[in-house]
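Student: let's see this in three dimensions:
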Amino acid sequence: MTIPTRLSAFLEQRGTPYEICVHRRSRSSAETARAANVSPHQIAKSVILEDEAGPVMAVLPADRSVLLRDAAQLFGRRNLHLADESRLTTLFEDCDPGAVPPVGMAWGVPTLVEDELDTNAELYLESGDHQHLLRMPAASFRALMLDARHGHFCHAPTGRGGRMR
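Tutor: Numbering: from 1, shown residues only. Coordinates of the predicted model:
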């Protein structure tokens with residue numbers, strides 16, 4: 001699979017430089033980090049949440065978990081929960097399940113970016129499939145995400161697999 005047209009057009013429109021990095025097929029953000037030989041904290045992953053008002057995207061380091069209450073507050077929402085898998089397939093039909101790029105604005109999805117991503121010099125983003133990442137300078141990512149909300153809404157997982165609150 002190549003980068004979804006919607007994503008490549010969005011990046012091109014904004015003049016965002018990136019490189020495509022190929023890695024062996026992976027099934028999770030942690031596995032992607034190992035396959036690409038990068039720190040999970042450098043991978044910006046997307047978590048799709050929803051409530052009765054519709055979907056939103058939380059973007060955070062791959063080694064962190066979403067604090068649902070905090071994300072809901074930053075979005076001005078009350079009952080956010082993980083989006084249903086069928087909803088994701090419909091909304092991001094041009095992406096492989098589980099590989100949604102952390103650029104919700106390209107799909108018209110309100111986006112919230114975790115402040116911890118600012119601690120990296122460069123970031124890696126899912127490209128829409130399980131074998132490619134987009135690498136870009138953190139400054140380019142920040143410029144790309146200027147219209148998104150920003151704040152702190154994550155924590156380091158405790159125990160195996162972490163938890164969602």
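Student: next one: phi and psi at the closest residue to M57 other than its chain neighbours?
Tutor: Sequence neighbours aside, G104 is the residue nearest to M57 in space, at 3.3 Å (criterion: C-beta to C-beta, 6 or more residues apart in numbering). All C-beta atoms are positioned from the backbone trio N, CA, C, and that covers glycine. Torsion angles at G104 (phi, psi; degrees, to the nearest 10) stand at phi -60, psi -30.
Student: any idea how many residues pack against G104?
Tutor: Using other C-beta atoms under 10 Å, G104 is surrounded by 24 other residues.
Student: A106 now?
Tutor: 21.
Student: quick one: pLDDT of the residue nearest to M57?
Tutor: In this prediction, G104 carries a pLDDT score of 97.
Student: so how far is D84 from it?
Tutor: To D84, G104 is 17 Å away according to C-beta to C-beta, to the nearest Å.
Student: then L117?
Tutor: L117 is 26 Å from D84, by C-beta to C-beta.
Student: and these two? Which one has more around it.
Tutor: Counted by other C-beta under 10 Å, L117 and D84 do not tie: L117 has more neighbours, with 23 against 12.
Student: shouldn't that one be within a strand?
Tutor: No. Going by DSSP: H, G, I helix; E, B strand; the rest coil, the assignment for L117 is helix, not a strand.
Student: could you pull out the strands for this protein?
Tutor: 19-22, 43-51, 54-61, 65-66, 81-82, 111-114, 122-126, 132-137, 149-151, 154-155 (DSSP state E).
Student: for the protein, which spans come out with low pLDDT?
Tutor: For the chain, the stretches flagged by pLDDT under 70 are 1, 158-165.
Student: bridged to L134, which residues?
Tutor: Beta-bridge partners for L134, by DSSP bridges, are I20, L125.
Student: state the distance from it to L7.
Tutor: In terms of C-beta to C-beta, L134 sits 8 Å off from L7.
Student: again with S29
Tutor: The value you get for S29 to L7, if C-beta to C-beta is used, is 18 Å.
Student: perfect, I'm done here.
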